[in-house]
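>>> compute the structure for the input listed below.
(chains A and B)
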Amino acid sequence: MEYAIETRHLTKTYGKNRGIRDVNLQIPPGEIFGFLGPNGAGKSTTLRTLTGLMKPTSGECLIQGIDPHRDPVAAMAQVGNLPTEFTLEDRSSGRALVDYFAALRGVRDTGFADEIANRIGADLDRPVRKLSRGNKQKIGIVLAMFHRPPVIILDEPTGGLDPLVQEQFLEILVDAKKAGQTVLFSSHVLSEVERIADRVGIIREGTLIAVEDPHALTARALRRVRVRYPEGNTPTQIKEIEQLAGVNHLSWQPPYLSFDYSGDANALIQALAAHPIAMIDIERPSLEEIFLGYYGNGGAA
Amino acid sequence: MISEGQSTAIMIRHTFQRNRVSLIWWSVAVMLYTVINVAVYPAFKDSILLQTQNYPQGLIDAFGLDNLDQLGPYIYSQVFLMLPLVLAFLPVMMYAGAFAGAEERGALDVLLTQPVRRRSLVLATFVTAVVNVAIVLMVTAIATWLTVIAINEELSFGDVMLASWSVLPVTIAVSSIGLLLSTSMRSRGPVLGASIGIIFLLYLIDVVGKLAPDFEKLRYITPFRYFNDVFSYDIPIWYYLLLLGVALVLLVISVRIFERRDIFT
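The predicted structure is shown next:
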């Protein structure tokens, strides 16, 4: 088995213009793979097909070399899954659910559930119905990971978590990677993918358009730059900046110079340093803006 | 990894525990209904035949109104005749919650990504529903018999048990329509509406078939035709087997549909 997760020409169509087309993914064991895309791009469809919830229209997928549609029991024994929109049994406590799923998995030691719960502050003893959305999400994370599965599949796992808990959770994923577990997680938050993912796959309108290093992606991504110049000072190098590769939509409205930039950071700094500035504000773009800046409207690199 | 049988047994236990409060309420409600109806029998037994003797035979057949001066047929007409119709909702609600409702809420996403087969979940829910109905019927039988003793009437415990258990096959058969719809559809509300509608329609066909000889043949399609007063008639064993067979066929179809379809949230 070369890959922990593999899809070959995976295609799933349903509804009108929905689904995924010809998705090829190879994720080796021990890798954290971020799956990026705007809402409706096909992230969840890919993950649901991988976890056997949806049958592929064509192509195939393998988890630890096992097809989840041919042998769902063997495949899911290898997986911990956190769906994007899930509900847990309201009357049960997190601990009761851990015990139930542990029984179904033949797992006797559930001590790791407490360890994860402590790290992210999940309350396993209260009934689920008395928990907030964020706390239910924490229970979902515990349920996905308590049995130390070789493959962890998480669909938008940080939704509803506060920033401190998100930080703890990302550290847990890094620890999982160190323990040799493979993590595939979807997100539309670039910063969290950039922080921990070894590679990132970008899906748009059902097509996997790129798989690459997340730092390369963000380095080449478009940023919105706004420079404020000291009162009464008009920069002399506007033309120079305008001619830099990667500058778009430049506007000068004293005392602000604003433009979108997707080029080399050093070239920009050098150009700006030629004249005193009062303040610089570089805004990280949304994921959709990255796609527009990086791939253009057509979605091709 | 545990065996399929073990995981099915674990799911049966879990489903049973999850539905225990509902089971208690159903048992209490049906027990009270039974006790009240049986307890008033002494007040009616001398006059009830006079009230019904001029009714058309079809109406008497449709609502089990013959031999009402005897306790057994009276209990059948007042308690057991309607019990399959009422009791069918217990499994239908369980099925709607376990499949269509669970899919609608996103609960199936969590359960079905455990190492379990979908057929195990269907089987576990079906078995739990059958056991729950059987428990309610057992409670009904015991409550009936104790009330019969309390009003100083005579009816053997065996006859009461037989009457009670005769309800099980028809209840399981008609409620399996709910299983089929729950495993096919993705929303609890429409499943409940359609199941209840179809079950009432089947009951109505049986009643109309009894009342109007022209429609008698229509009764062959409804499971209610194969359920009757065990105090007054010998019910052929194949009636029960046929009803259980219908339930099994619907169970198998439900499994096949549920195993093949996509799960959405």
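>>> C-alpha only now, for contacts and for neighbours.
Fine.
>>> so which bits of the stretch 51-200 of chain B are right by chain A?
With the criterion set to Cα under 8 Å from any Cα of the partner chain, the stretch 51-200 of chain B comes near chain A through B:105-107, B:109-110, B:112-117.
>>> and with 10 Å instead?
Within reach of chain A by Cα under 10 Å from any Cα of the partner chain, the stretch 51-200 of chain B has these residues: B:102-118.
>>> I'd like to know which of these are buried.
B:102-118 (16 or more other Cα atoms under 10 Å in any protein chain shown).
>>> what about those residues, which are in helices?
Secondary structure from DSSP state H places B:102-105, B:107-111, B:118 of those in helices.
>>> now, among those, which is nearest to chain A?
B:Ala107 (4.7 Å; Cα to the nearest Cα).
>>> looking at chain B, which helix or strand is least sure?
helix B:48-52 (a mean of 69; mean pLDDT, DSSP states H and E).
>>> after it, which helix or strand is next?
Once the chain leaves helix B:48-52, the next helix or strand it forms, by DSSP states H and E, is helix B:57-62.
>>> which strands and helices sit next to that following helix?
helix B:188-211 (3 or more Cα pairs under 10 Å, 6 or more residues apart in numbering or on different chains; DSSP states H and E).
>>> how far off centre is the helix it packs on?
The chain centroid and the centroid of helix B:188-211 are separated by 13 Å under Cα atoms, centre = their mean, to the nearest Å.
>>> go through it and flag the buried ones.
Quick answer for helix B:188-211 (16+ other Cα under 10 Å): B:188, B:191-192, B:195-196, B:198-199, B:202-203, B:205-211.
>>> that helix - what's its average pLDDT?
Averaged across helix B:188-211, pLDDT comes to 94.
>>> other SSEs contacting that helix?
Using 3+ Cα pairs under 10 Å, 6+ apart: helix B:188-211 touches helix B:57-62, helix B:83-87, helix B:89-96, helix B:102-105, helix B:167-184.
>>> so what touches the first one?
Right, helix B:57-62. The contact list for helix B:57-62 (Cα atoms under 10 Å, 6 or more residues apart in numbering or on different chains) reads B:52-56, B:64-67, B:77, B:81, B:206-213, B:228.
>>> of the residues you listed, just the buried ones, ChimeraX syntax please.
Buried members of these, defined by 16+ other Cα under 10 Å, are picked up in ChimeraX with:
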select /B:52,64,65,66,67,77,81,206,207,208,209,210,211,228
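>>> ok so, going back, what's the most distant pair in the ones in helices among the buried ones among the residues of the stretch 51-200 of chain B next to chain A?
B:Arg105 and B:Arg118 (17.4 Å; Cα to Cα).
>>> wait, a strand at A:His249?
Yes: under DSSP: H, G, I helix; E, B strand; the rest coil, A:His249 falls within a strand.
>>> tell me, what's the model's pLDDT at the closest residue to it other than its chain neighbours?
In this structure, A:His249 finds its nearest non-sequential neighbour in A:Phe259, 5.2 Å apart by Cα to Cα, 6 or more residues apart in numbering or on different chains. With respect to pLDDT, A:Phe259 scores 91.
>>> what's the neighbour count on the nearest residue to A:Phe185 once chain neighbours are set aside?
Counting by Cα to Cα, 6+ apart, A:Phe185 lies nearest to A:Leu154, which is 4.5 Å off, once chain neighbours are set aside. Here the number of neighbours of A:Leu154 (other Cα atoms under 10 Å in any protein chain shown) works out to 25.
>>> ok, the helix or strand hosting A:Leu154: who's next to it in the sheet?
Secondary-structure assignment from DSSP H and E places A:Leu154 in strand A:151-155. According to DSSP bridges, strand A:151-155 forms sheet pairs with strand A:79-82 (parallel), strand A:182-187 (parallel).
>>> quick one: that strand to chain centroid distance?
With Cα atoms, centre = their mean, you get 11 Å for strand A:151-155.
>>> any idea which residue sits dead centre in the chain?
Using chain A. A:Ser187 (2.8 Å; Cα atoms, centre = their mean).
>>> oops, I was thinking of chain B
B:Thr171 (2.4 Å).
>>> just checking, that one touches B:Val131?
No: B:Thr171 is beyond contact range of B:Val131, at 11.9 Å (criterion: Cα atoms under 10 Å).
>>> need the residues touching each of the two.
B:Pro91.
>>> what's the mean pLDDT across stretch B:60-76?
77.
>>> can you give me the end-to-end span of that stretch?
13 Å (Cα to Cα, to the nearest Å).
>>> got the buried residues for it?
B:60, B:62-76.
>>> now do the contacts for the closest residue to chain B within the stretch 201-301 of chain A.
Residue nearest to chain B within the stretch 201-301 of chain A (Cα to the nearest Cα): A:Gly206, separated by 17.0 Å. Going by Cα under 10 Å, 6+ apart, A:Gly206 touches A:11-13, A:17-23, A:37, A:40-43, A:45-46.
>>> gap between the nearest residue to A:Tyr3 once chain neighbours are set aside and A:Val183?
Once flanking residues are discounted, A:Tyr3 sits nearest to A:Pro28: 4.2 Å by Cα to Cα, 6+ apart. Separation of A:Pro28 from A:Val183 (Cα to Cα): 10 Å.
>>> joint contacts of the two?
In contact with both A:Pro28 and A:Val183: A:4-5, using Cα under 10 Å, 6+ apart.
>>> check the offset of stretch A:124-144 from the chain's centre.
Worked out by Cα atoms, centre = their mean, stretch A:124-144 lies 21 Å from the chain centre.
>>> could you do stretch A:233-245 as well?
With Cα atoms, centre = their mean, you get 36 Å for stretch A:233-245.
>>> the buried residues of helix B:188-211: which two are farthest apart?
Top of the distance list for those (Cα to Cα): B:Arg188 and B:Leu211, 34.4 Å.
>>> on contacts alone, who are the packing partners of the one helix or strand B:Ala124 maps to?
Counting by DSSP H and E, the element that carries B:Ala124 is helix B:118-150. Helix B:118-150 sits against helix B:4-18, helix B:20-39, helix B:71-75, helix B:83-87, helix B:89-96, helix B:157-165, helix B:167-184, helix B:237-260, with contacts defined as 3+ Cα pairs under 10 Å, 6+ apart.
>>> name the residues that touch the longest one?
Defining contact as Cα under 10 Å, 6+ apart, one finds that helix B:237-260 is touched by A:53-55, A:69, B:99, B:117-123, B:126, B:166-185, B:222-228.
>>> contacting residues for the residue nearest to the centre of chain B?
B:Thr171 neighbours (Cα under 10 Å, 6+ apart): B:83-91, B:130, B:133-134, B:223-224, B:227, B:243-244, B:247.
>>> tell me the spacing between it and A:Arg284.
B:Thr171 is 62 Å from A:Arg284, by Cα to Cα.
>>> now do B:Trp26
59 Å.
>>> likewise for B:Ile142?
From B:Ile142 to A:Arg284 the distance is 72 Å (Cα to Cα).
>>> again with B:Glu259
The value you get for B:Glu259 to A:Arg284, if Cα to Cα is used, is 45 Å.
>>> for B:Arg20, same thing?
Taking Cα to Cα, one finds B:Arg20 at 53 Å from A:Arg284.
>>> indicate which one of the strands paired with strand A:151-155 is closest to A:Val73.
strand A:79-82 (10.1 Å).
>>> contacting residues for residue 133?
Went with chain A since none was named. So A:Arg133 contacts A:87, A:139, A:159-161 (Cα under 10 Å, 6+ apart).
>>> correction: the question concerned chain B.
Neighbours of B:Val133 in contact, by Cα under 10 Å, 6+ apart: B:23, B:26-27, B:84, B:87-91, B:127, B:139, B:165, B:167-168, B:171-172.
>>> what's the closest of those residues to chain A?
Distance to chain A across these (Cα to the nearest Cα) is lowest for B:Leu23, with 15.5 Å.
>>> not counting sequence-adjacent ones, nearest residue to that closest one?
Here the residue nearest B:Leu23, using Cα to Cα, 6+ apart, is B:Asn132, at 6.5 Å.
>>> again, but for A:Asp162
Nearest to A:Asp162 is A:Gly134, by Cα to Cα, 6+ apart, at 7.6 Å.
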